[in-house]
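Undergrad: give me coordinates for this.
(chains A and B)
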Amino acid sequence: MREITIPISDETIRSLKVGEPVALTGVMITGRDVVHKWLIETFIKKTRPPQGEDMQVYAALKPILAGGVIYHCGPVVSGLDTKQYKFVAAGPTTSIREEPYQADVMRHFNLKGVIGKGGMGAKTLKGCQEVPGVYFHAIGGAATLIARSVTRVLDVYKLDFGVPEAIWVIQVKDFPVVVTMDAHGQSLHEVVEKDSARVLADLLAQ
Amino acid sequence: MRDLTNEILELIRRTSSDLPPDVEKRLRTAVGQEVPGSAARGAFEAILKNVELSRKNSSPICQDTGTPIFYVKYPPGWSTLQLKGQIRAALAEATRKSYMRPNAVDAVSDRNSGDNLGGDDFPYIHFEEVEGSQLTIELMLKGGGCENVGAQYSLPDNRLGAGRDLAGVRKAVLDAVQKAQGQGCAPGILGVSIGGDRGTGYVKSKEVLLDELGTRNPDPKLAELEERLTGEANQLGIGPMGFGGKTTVIDTKITGLSRLPASYFVTISYMCWAYRRRKMTVKGEEIIYA
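TA: Next up is the predicted model:
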């Protein structure tokens, strides 16, 4: 398995191909539905004025996301009372819900990697070619196993979004993923979708 | 009336962290069918490793601990009001103990309650009075990813060429599986109801999943369709996680309901591979978990 350290260079990103298993090490953040909507509205399309600590959080996120990775994950976290946070269960959530936002977030922050499950669509695939970036697929439901790759919780922002939707800054070691969308316009999800659509058409004709 | 809060807490712990044996057995069969070194094989290997670790650590199999759905069958003499209070208290405690993720988000304010209690209907509890002396509580945890790919068809459906008969039901179910791709955490288990109104269709398509895997509908026509759908869904080649592979669907269960002359619904509840369901039986002083 190929070992890659975050931040990731353009050269490394371009060398990754669909189907390649990768172990990621470094600092990344979690961000899912509420976070993507908030990033787009507050900092990218600016349809909503920043509120409270929004600008400070933005300033803190920028260096982590430059060359960095975002993980579509709503973890189970222990130590909420004592703030001695620990990831107990942390598998990926379904990524396609971020399809309207992801490519713009990638371009804005120079984000190199998106981790999730189920794959994403044409808009994100185009974003991967331009930035360049890749989509890493983690194993859905393998939450206890993946949580073992999270060695430390470094910080948390926007905890008022709720534990699953907050921005958790995590240190990971050998986080296991597979490249399913690369920077060259290849998508495993597109291939499987098309092949299965052909089989379905045959079955429906019977 | 006996206080079962701690026993229900144990039911929740087991449900979230200990995958039932019939589901695990199917996954162990499926891993051997994928090509060594393939992404599909790797997915199954990670899944099985995770199943073992979660059981050992009492930690959630999946971080999405799902919608908690309780099915309570109680003999005369039990108070459903008190049982509901005990279930809610146990769920809040399970959330504190990290067996469960705080999962109840107010859809209007977007606020997460933090303890898995959200209004009167979260968790959802079905009560049914039964004869005899045993109380049973079954718990199903159904994650959001697989719930999102559930579907309801109103037949006839011109696009699919699906009429109001079992041939039409077949087409609707296959279409739903193809649309789901890997997004419901394939391989899935399909709960299908035919008939009902839109509401009972979804309720019953989940309830039919409670029976052990491999249990066939007593009606031979439906039993045959169950087997056929599992086989044909696997021809789609979507595979675990949508990586492409041999196993897309583990099992299919169908139930027939009454319908209005005007309506013919086919409702599909897609259950992810991490099918978490457990049952406790209160038999006198004894508590039996299965």
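Undergrad: residue contacts, the closest residue to chain A within the stretch 51-200 of chain B?
TA: Proximity of the stretch 51-200 of chain B to chain A (Cβ to the nearest Cβ) peaks at B:Asn112, 2.9 Å away. No exception for glycine: its C-beta is placed from N, CA and C like everyone else's. By Cβ atoms under 8 Å, 6 or more residues apart in numbering or on different chains, B:Asn112 lies in contact with A:161-165, B:102-106.
Undergrad: now the helices for the stretch 151-290 of chain B?
TA: According to DSSP state H, counting those that start in this stretch, the stretch 151-290 of chain B carries its helices in the segments B:166-180, B:198-207, B:220-235.
Undergrad: name the residues of the longest one that are buried.
TA: I take that to be helix B:220-235. For helix B:220-235, burial by neighbour count (16 or more other Cβ atoms under 10 Å in any protein chain shown) applies to B:222, B:225-226, B:229-230, B:232-234.
Undergrad: what's the closest of these to chain A?
TA: The closest of the buried residues of helix B:220-235 to chain A turns out to be B:Glu232 (Cβ to the nearest Cβ; 5.6 Å).
Undergrad: so the closest one sits against A:Leu203, correct?
TA: Yes. The pair B:Glu232 / A:Leu203 is scored as a contact, 5.6 Å apart, by Cβ atoms under 8 Å.
Undergrad: identify the contacts common to the two.
TA: B:Leu174.
Undergrad: spatially nearest residue to the residue of chain A found nearest chain B (excluding sequence neighbours)?
TA: Chain B sits closest to A:Gly162 of chain A, with a gap of 2.9 Å, by Cβ to the nearest Cβ. Nearest-residue entry for A:Gly162: B:Asn112, 2.9 Å, with adjacent residues in sequence omitted and distances by Cβ to Cβ, 6 or more residues apart in numbering or on different chains.
Undergrad: would you list the phi and psi of that neighbour?
TA: Per-residue torsions, B:Asn112: phi -90, psi 130 (degrees, to the nearest 10).
Undergrad: repeat for A:Leu61
TA: Note on A:Leu61: its backbone torsions stand at phi -80, psi -30 [degrees, to the nearest 10].
Undergrad: how close does it get to A:Met120?
TA: Look at A:Leu61 and A:Met120: by Cβ to Cβ, to the nearest Å, they are 21 Å apart.
Undergrad: can you get me a residue count around residue 191?
TA: Assuming you mean chain A. 13 (other Cβ atoms under 10 Å in any protein chain shown).
Undergrad: looking at chain B here, not the other one
TA: Quick note: B:Gly191 (other Cβ under 10 Å) scores 26 neighbours.
Undergrad: hmm, B:Val203 and it touching each other?
TA: No. With contact defined as Cβ under 8 Å, B:Gly191 does not count as touching B:Val203 (10.4 Å).
Undergrad: what sits closest to B:Leu83 if chain neighbours are left out?
TA: Leaving aside its sequence neighbours, B:Leu83 sits nearest to B:Val72 (Cβ to Cβ, 6+ apart; 6.0 Å).
Undergrad: once you drop chain neighbours, what's closest to B:Ala90?
TA: Leaving aside its sequence neighbours, B:Ala90 sits nearest to B:Ile8 (Cβ to Cβ, 6+ apart; 3.8 Å).
Undergrad: can I assume that neighbour is in contact with B:Met280?
TA: Yes. Assessed by Cβ under 8 Å, B:Ile8 is found in contact with B:Met280 at 7.4 Å.
Undergrad: tell me, what's touching those two both at once?
TA: Residues touching both B:Ile8 and B:Met280 by Cβ under 8 Å, 6+ apart: B:Ile137.
Undergrad: so which of those two has more stuff around it?
TA: B:Ile8 (25 against 20).
Undergrad: assign the more buried one to helix, strand or coil.
TA: Using DSSP: H, G, I helix; E, B strand; the rest coil, the structure places B:Ile8 in helix.
Undergrad: related to what we said a few turns ago, more neighbours: which of A:Leu61 and A:Met120?
TA: A:Met120 (25 against 21).
Undergrad: for the top helix by length along chain B, list every residue counted as buried.
TA: Longest among the helix segments of chain B by residue count, using DSSP state H, is helix B:39-57. When burial is assessed from 16+ other Cβ under 10 Å, helix B:39-57 yields the following buried residues: B:39-44, B:46-48, B:50-51, B:53-55.
Undergrad: and the top strand by length along chain A, how far from the chain's centre?
TA: Counting residues, the longest strand in chain A under DSSP state E turns out to be strand A:167-181. With Cα atoms, centre = their mean, to the nearest Å as the basis, strand A:167-181 stands 8 Å off its chain's centre.
Undergrad: give the rounded mean pLDDT of it.
TA: Strand A:167-181 comes out with an average pLDDT of 98.
Undergrad: touching the helix or strand just after it from outside, list them.
TA: Downstream of strand A:167-181, the next assigned helix or strand under DSSP states H and E is helix A:188-205. Residues outside helix A:188-205 that contact it (Cβ under 8 Å, 6+ apart) are A:18-19, A:118-120, A:125, A:137, A:180-181, B:39, B:160-161, B:171, B:174-175, B:178, B:181-182, B:232, B:235-239, B:242-244.
Undergrad: switch to 7 Å and redo it
TA: Helix A:188-205 is contacted by residues A:18-19, A:119, A:180-181, B:160-161, B:171, B:174-175, B:178, B:181, B:232, B:235-238, B:242-244 when judged by Cβ atoms under 7 Å, 6 or more residues apart in numbering or on different chains.
Undergrad: can you say which of those residues are buried?
TA: A:18, A:119, A:180-181, B:160, B:171, B:174-175, B:178, B:181, B:232, B:236-238, B:242-244.
Undergrad: helices or strands up against the strand or helix carrying the residue nearest to B:Leu83?
TA: B:Val72 belongs to strand B:67-74 when assigned by DSSP H and E. Contact partners of strand B:67-74 among helices and strands, from 3 or more Cβ pairs under 7 Å, 6 or more residues apart in numbering or on different chains; DSSP states H and E: helix B:80-96, strand B:124-129, strand B:135-142.
Undergrad: pairing partners for the second one, with directions?
TA: Paired neighbours of strand B:124-129 in the sheet (DSSP bridges): strand B:67-74 (parallel).
Undergrad: picking that back up, and the buried residues of helix B:220-235 near chain A, which?
TA: Near chain A, judged by Cβ under 7 Å from any Cβ of the partner chain, the entries from the buried residues of helix B:220-235 are B:Glu232.
Undergrad: and B:Val108, how far is that from A:Arg148?
TA: To A:Arg148, B:Val108 is 37 Å away according to Cβ to Cβ.
Undergrad: higher neighbour count, those two?
TA: More crowded of B:Val108 and A:Arg148, by other Cβ under 10 Å: A:Arg148, with 18 against 6.
Undergrad: can you pull the contacts of the more buried one?
TA: For A:Arg148, the contact set (Cβ under 7 Å, 6+ apart) is empty.
Undergrad: wait, what's in contact with residue 131?
TA: No chain specified, so I'll use chain A. A:106-107, A:110-112.
Undergrad: nope, chain B
TA: With contact set as Cβ under 7 Å, 6+ apart, B:Glu131 has these partners: B:Pro75.
Undergrad: tell me the SS of it?
TA: Per three-state DSSP, B:Glu131 ends up coil.
Undergrad: who wins for neighbours among the contacts of A:Val131?
TA: Busiest of these [other Cβ under 10 Å] is A:Lys112, holding 27 neighbours.
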